[in-house]
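In: A predicted structure for the sequence below; I have some questions about it.
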Amino acid sequence: MYTVPQLDDYSQESLEKAFAELRAAFDSEAQAPLDAGWKTFRDRWLGRTNGILTQVNEQWLKAAPAEGKREVGRRLNDAKDEIGRRVDELKVEHRDVVVAVTGVQARASFGSPSVSGTHNLDVTLPGIRRPLGTEHPVIRTMNEIVAVFRAMGYSIGEGPEIESDYYNFEALNFPPNHPARDSQDTLFVAGQEQKPARERLLLRTHTSPVQIRTMEKQPPPVRIVIPGKVYRHDTPDASHSPLFHQVEGLAVDTGITFSDLKGTLDHAMKALFGSSVKTRFFPSFFPFTEPSADVAVTCFKCNGKGCRLCKQSGWIELLGSGMVDPAVFGFVKKNGYDPEKVSGFAFGMGVDRIAMMKYEIDDISLLFQGDVRFLEQFA
Ligand code: PHE
């Protein structure tokens with residue numbers, strides 16, 4: 001390592017030699033990798049209080065005899081100019097090297113000592129590939145369903161996953177203690193015994209409460225799809241999970257009939273599963289729709305012939321649906337939903353089930369374990 005020597009001889013030759021050594025020392029350090037980082041290197045040479053050029057100023061220039069001052073000053077200024085310029089250049093080169101070494105690995109900041117050396121860069125090493133990310137099969141399926149309805153002019157709605165009894169049940173025409181509540185094993189938030197029943201919080205068991213929230217926010221007409229997570233107190237098995245996903249739909253306007261419901265869902269199923277798919281509507285019950293229908297599609301694996309997927313029936317049940325019960329409009333009447341004037345339909349489908357059938361996944365828990373070996377199949 002270069003240190004600034006004492007200078008007693010101020011002859012031309014001696015000055016020439018001293019400055020040449022100074023430059024040679026700088027050049028050789030500037031060529032080596034800047035292992036300690038560019039800043040350390042800059043401070044060593046240009047640092048204001050104790051940099052080498054400051055030392056030269058103190059030891060050579062200030063100590064110079066009067067007649068030698070001019071010459072030392074001139075040489076020192078030249079050295080300052082050149083060294084300063086070269087240090088600036090090195091900053092850019094050094095940064096490029098660091099970027100080249102760390103660009104793919106994203107593990108070091110500029111000037112980090114561990115990777116800053118040009119000699120550490122082996123351009124023949126294979127690059128580091130980042131695994132490609134991809135949409136989760138449930139999210140992908142959900143987006144596909146939503147896209148089908150968006151193309152029909154529906155907008156997207158959202159609501160909270162922690163819901164009150166009022167929105168999840170009461171305003172959907174499940175009266176307190178009505179047995180229909182048993183069909184949705186509910187996870188309640190603990191410690192709310194003091195609250196009035198309708199204010200008690202629970203994890204929403206379906207996306208239907210967002211029907212009410214939407215109608216409270218906007219007058220008719222409404223055309224909305226509501227994708228989201230729902231929760232039920234189900235014991236996990238191959239087809240049950242306490243968390244799953246639904247896409248809800250609601251259309252309210254004047255003169256909406258059951259044929260609109262049938263036409264809309266038939267089109268949506270064809271758009272999702274292919275134009276040869278047929279739909280079948282059969283009677284069902286939901287407190288918030290009247291009449292209600294469950295909707296099945298011809299099995300998209302066997303085309304209706306009967307196979308393991310459709311349990312030999314040729315049909316797969318995918319949706320709950322129905323005409324909005326006038327009693328439900330009764331809860332939002334003051335927002336413009338007069339059951340004498342408007343009518344509508346609603347539907348809801350389980351996204352996870354659809355994703356499982358589409359991708360032939362036989363255990364729902366695989367969807368929520370986050371195992372990359374499973375998920376990367378969908379990349
Ligand atoms: N919310 C119902 C369920 O989760 C599905 C449904 C939605 C039925 C809309 C009719 C209308 O089972």
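Out: Here it is on my side, so go on. Numbers count the residues shown, from 1 in each chain.

In: model confidence over stretch 28-35, on average?
Out: Per-region confidence: stretch 28-35 scores 84 on mean pLDDT.

In: How far does it sit from its chain's centre?
Out: 43 Å (CA atoms, centre = their mean, to the nearest Å).

In: Can you list the buried residues in it?
Out: 30, 34 (16 or more other CB atoms under 10 Å). C-betas here are computed from N, CA, C, even on glycine.

In: Ser313 contacts Lys305, doesn't it?
Out: No. Using CB atoms under 8 Å, Ser313 makes no contact with Lys305, being 10.4 Å away.

In: Show me whatever sits in contact with both of these two.
Out: Cys299 (CB atoms under 8 Å, 6 or more residues apart in numbering).

In: Check the gap between Leu272 and Lys305 for me.
Out: 20 Å (CB to CB, to the nearest Å).

In: just Gly153 next, same as before
Out: Counting by CB to CB, the gap from Gly153 to Lys305 is 36 Å.

In: Next: Ala151.
Out: Distance, Ala151 to Lys305, using CB to CB: 30 Å.

In: residue contacts, Ala64?
Out: By CB under 8 Å, 6+ apart, Ala64 lies in contact with 10, 72.

In: quick one, phi psi at it?
Out: Dihedral pair for Ala64: phi -70, psi 140, per degrees, to the nearest 10.

In: Could you do Pro219 as well?
Out: phi -70, psi 170.

In: what does the model give it for pLDDT?
Out: On the pLDDT scale, Pro219 gets 97.

In: repeat for the one 4 residues further on
Out: Per-residue confidence at Arg223 stands at 98 (pLDDT).

In: where does it land in three-state SS?
Out: When classified by DSSP: H, G, I helix; E, B strand; the rest coil, Arg223 comes out as strand.

In: Compute the distance between the residue most central in space within the chain and Arg373, please.
Out: Centroid-nearest residue in the chain: Glu135, 9.6 Å away (criterion: CA atoms, centre = their mean). As defined by CB to CB, Glu135 lies at a distance of 17 Å from Arg373.

In: which SS state does Gly304 fall under?
Out: Gly304 ends up coil, using three-state DSSP.

In: who has more neighbours, Leu272 and Lys305?
Out: Shown here are Leu272 and Lys305; by other CB atoms under 10 Å, Leu272 has more neighbours (19 against 11).

In: Going toward the C-terminus from the helix or strand where that one lies, what's the next helix or strand?
Out: Taking DSSP states H and E as the criterion, the element that holds Leu272 is helix 258-273. Using DSSP H and E, the helix or strand that follows helix 258-273 in sequence is strand 279-286.

In: ok, that next one near the ligand or not?
Out: Yes. Contact of strand 279-286 with the ligand (CB under 6 Å from any ligand atom) involves Phe286.

In: Just give the closest residue to the residue of the stretch 101-250 of the chain found nearest the ligand, not the sequence neighbours.
Out: Distances between the stretch 101-250 of the chain and the ligand by CB to the nearest ligand atom are smallest at His206, namely 3.3 Å. Spatial nearest neighbour of His206, excluding adjacent residues (CB to CB, 6 or more residues apart in numbering): Val230 at 5.4 Å.

In: again with Pro176
Out: Distance criterion CB to CB, 6+ apart; nearest residue to Pro176, sequence neighbours excluded, is Ala197 at 5.7 Å.

In: What about the one you found, how many residues nearby?
Out: Applying other CB under 10 Å, I find that Ala197 has 13 neighbouring residues.

In: Check whether it really touches Ser164, as I assumed.
Out: No. Using CB under 8 Å as the test, Ala197 is too far from Ser164 to be in contact (9.7 Å).

In: Wasn't Gln246 part of a strand?
Out: Yes. Under three-state DSSP, Gln246 falls within a strand.

In: On the strand side of things, show who it bridges to.
Out: Gly228, Gly350 (DSSP bridges).

In: Just give the number of residues close to it.
Out: Residues near Gln246, counting by other CB under 10 Å: 24.

In: Tell me the secondary structure at the residue of the chain positioned farthest from its centre.
Out: Ranked by distance from the centre of the chain (CA atoms, centre = their mean), the top residue is Glu67, with 72.5 Å. With three-state DSSP as the basis, Glu67 sits in helix.

In: before we move on, what about Asp43?
Out: Applying three-state DSSP: Asp43 is helix.
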